[in-house]
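Q: The following block contains a protein sequence and its predicted model.
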Amino acid sequence: MRSCPRCEASIDDDARYCVECGAPQTEDAAGELDEYVQRQARQVADERDDESASDGLADAADLTDREQLWRRGCYVVGYGTVVVALTLVPQIGALPLLVAGVAILPPVRRLTAKPLGSPLKREVMAGLYAILALVGVALLVLG
């Protein structure tokens with residue numbers, strides 16, 4: 001019996017991998033492990049690319065200038081609305097404003113894509129924001 005160079009556990013002389021830490025014990029085993037890791041990395045990258053393509057949401061680098069401007073504007077409006085709503089918390093109109101601010105944020109589109117099957121369109125998110133914001137402002141004015 002010999003010991004593993006990584007964890008010093010006792011292993012059989014003909015073992016290809018350590019039973020304790022999984023370290024390869026031969027050059028062939030190391031090459032096999034490297035090929036497996038590369039194959040898994042390609043598979044994960046392909047699945048991520050397929051997922052991004054299927055949910056209709058692209059990385060920031062893939063967006064056009066107009067889409068980037070829309071996304072940045074949504075962040076500004078959303079976080080601004082959330083801040084205003086948090087300053088008005090004791091009042092009844094703060095809750096619709098808070099929900100409106102969260103609803104317009106771009107990550108919400110990605111979160112709604114899984115349960116709904118596809119992301120909500122930007123116009124739907126903007127409409128939802130407008131309705132909730134108007135309800136919140138109306139409650140603040142009337143309350």
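A: Received, thanks.

Q: The protein: strands as residue ranges?
A: According to DSSP state E, the chain carries its strands in the segments 2-3, 10-11.

Q: Which neighbouring elements make contact with the lengthiest helix in the chain?
A: Across the chain, the helix with the greatest residue count (assigned by DSSP state H) is helix 27-55. Applying 3 or more CB pairs under 8 Å, 6 or more residues apart in numbering; DSSP states H and E, we find helix 27-55 packed against helix 106-116. Any C-beta I mention is one placed from the backbone N, CA and C, and that applies to glycine too.

Q: Mean confidence (pLDDT) on the helix it packs on, please.
A: Here helix 106-116 scores 79 as its mean pLDDT.

Q: Run the chain-centre distance for that helix.
A: With CA atoms, centre = their mean, to the nearest Å as the basis, helix 106-116 stands 9 Å off its chain's centre.

Q: what's the burial count for the residue lying closest to residue 122 once chain neighbours are set aside?
A: Take residue 122 and drop its neighbours on the chain: the residue closest to it by CB to CB, 6 or more residues apart in numbering is residue 70, 6.3 Å away. Other residues lying near residue 70 total 15 when counted by other CB atoms under 10 Å.

Q: Could you give the separation between the terminal residues of stretch 92-110?
A: With CA to CA, to the nearest Å as the measure, stretch 92-110 spans 29 Å from end to end.

Q: I'd like to check what contacts it. Which residues are they?
A: Contact partners of stretch 92-110, identified using CB atoms under 8 Å, 6 or more residues apart in numbering, comprise 55, 57, 71, 74-75, 77-86, 88, 119-120, 122, 125-126, 128-133, 135-141, 143.
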